[in-house]
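Enquirer: need coordinates for the following:
(one chain, ligands or ions: 1)
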Amino acid sequence: MRPHSSEDKQIRLLQLYPRDMNIYGDYGNALVLMRRIQWYGFTPVMLTYNPGDPFPEAPDIVIGGGGQDSGQDRIQQDLLGLGERLRGLAEAGTPMLMVCGLYQLFGHFFETRGGSRISGIGVLDVETYGTDNRLIGNVVSESPDFGQIIGYENHSGQTYLGPTAKALAEVVVGQGNNERDNHEGARYRNVLGSYLHGALLPKNPAIADFLISTAVQRKFGQTLGALQAPQSAPESLPRLTELARQTASSR
Ligand code: GLN
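Expert: Coordinates of the predicted model:
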C-alpha cells in the first residue's frame, strides 16, 4: 500500500456561479488557488456550482466573481436558496473570497438606481446602492491583514459597511467600495469581499495563501510548509488553460 502522504490530502475549492459571475479575469483566482494548493503539497479539487446544481459536499474554500447586472439577476434567486448553507459555512470559519458582483450579493442587498432591492444573503454586513457613476480604474490599497492589495475596479454599485463588517483595506489610489469613505472590500470571520479584479489572487498571493492556510489548518490541523514551485512549467497547465477556455465559451 502506498504510504499516506500530504499528496493524498485534498483541498476542495468551490467556485460559485462561474457561468454567470466571472469577468475581468476572475477565473484567474481559481487557477492560482489550484496551483498554489498543489505547490504546498496538497491535492486540489475544483468544484463548480451553477444555478440548479446539487451543492458540492464539504467545500474547504469558496470563491465567486463579478458579473454584469444581468448575470446577477440570473443567479439571485438561486443564491438566496443557498443563503442558509453559505451563512453556516461562513460562521464555521470557511475561507471565502467574493469579488464585485458576488461581494455585493453576499451583503444585505443591492438597491438599483430605480429603487428596487435585489436581496443578498447577508454573510457580510454591507449594503450596496446603484449609482449613475461608474468607478473604473486601477486601485492600490493597504490592508492590516495582507499588506498592499492592488487590482482593477469597474462597478456602478457603491457599497457601505455596517457595524459587523470591517474593511478589507483602505484605498490609497482609486475608489474602492464607494466615493465617500476610503474603504475597499469587507471582511467577516474568514470571508473576504472585494471589488478588485485583475484577477486579484495572481497579483496578491498573500490573500491566496491566507485562503489556503486557513483551509489546511481547519481541515488537517496543519500549518502550511514551504511553497514548492517547480522550476519548469507545470505539465498540467494546458489542462487548466483548457478549463478556463471552456468556462469562457460556455457563457
Ligand atoms: N453590476 C455590478 C456593478 O456594476 C457589479 C459589476 C461587477 O461585478 N464588475 O456594480
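Enquirer: could you pull up phi and psi at the spatially most central residue of the chain?
Expert: Central residue of the chain (Cα atoms, centre = their mean): L97, 2.6 Å from the mean position. L97 adopts backbone torsions of phi -130, psi 120, taken as degrees, to the nearest 10.
Enquirer: can you pull the contacts of it?
Expert: Contact analysis of L97 by Cβ atoms under 8 Å, 6 or more residues apart in numbering lists 29, 61-64, 192-194, 200-201, 207, 211. Bear in mind the C-beta positions are built from the backbone N, C-alpha and C, glycine included.
Enquirer: next to the ligand, which bits of the stretch 101-250 of the chain? Give me the list.
Expert: Counting by Cβ under 6 Å from any ligand atom, the stretch 101-250 of the chain comes close to the ligand at 101, 154-157.
Enquirer: 5 Å - rerun?
Expert: 101, 155-157 (Cβ under 5 Å from any ligand atom).
Enquirer: neighbour-wise, which of the residues you listed leads?
Expert: G101 (28 neighbours; other Cβ atoms under 10 Å).
Enquirer: residues in contact with the longest helix anywhere in the chain?
Expert: As assigned by DSSP state H, the longest helix anywhere in the chain is helix 69-92. Contacts to helix 69-92, defined as Cβ under 8 Å, 6+ apart, come from residues 16-17, 20-21, 23, 51-52, 55, 59, 62, 67, 96, 101, 104-106, 110, 112, 118-123, 188-191.
Enquirer: can I have the buried ones of those residues as a ChimeraX selection?
Expert: Of the contacts of helix 69-92, the buried ones go into a single ChimeraX selection, burial set by 16 or more other Cβ atoms under 10 Å:
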select :16,17,20,21,23,59,62,67,96,101,104,105,106,110,112,118,120,121,122,123,188,189,190,191
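Enquirer: residue in the stretch 151-251 of the chain nearest to the ligand?
Expert: Residue nearest to the ligand within the stretch 151-251 of the chain: G157 (3.0 Å; Cβ to the nearest ligand atom).
Enquirer: tell me the confidence at P56?
Expert: At P56, the pLDDT value in this model is 97.
Enquirer: need the three-state assignment for it.
Expert: What DSSP: H, G, I helix; E, B strand; the rest coil gives for P56 is coil.
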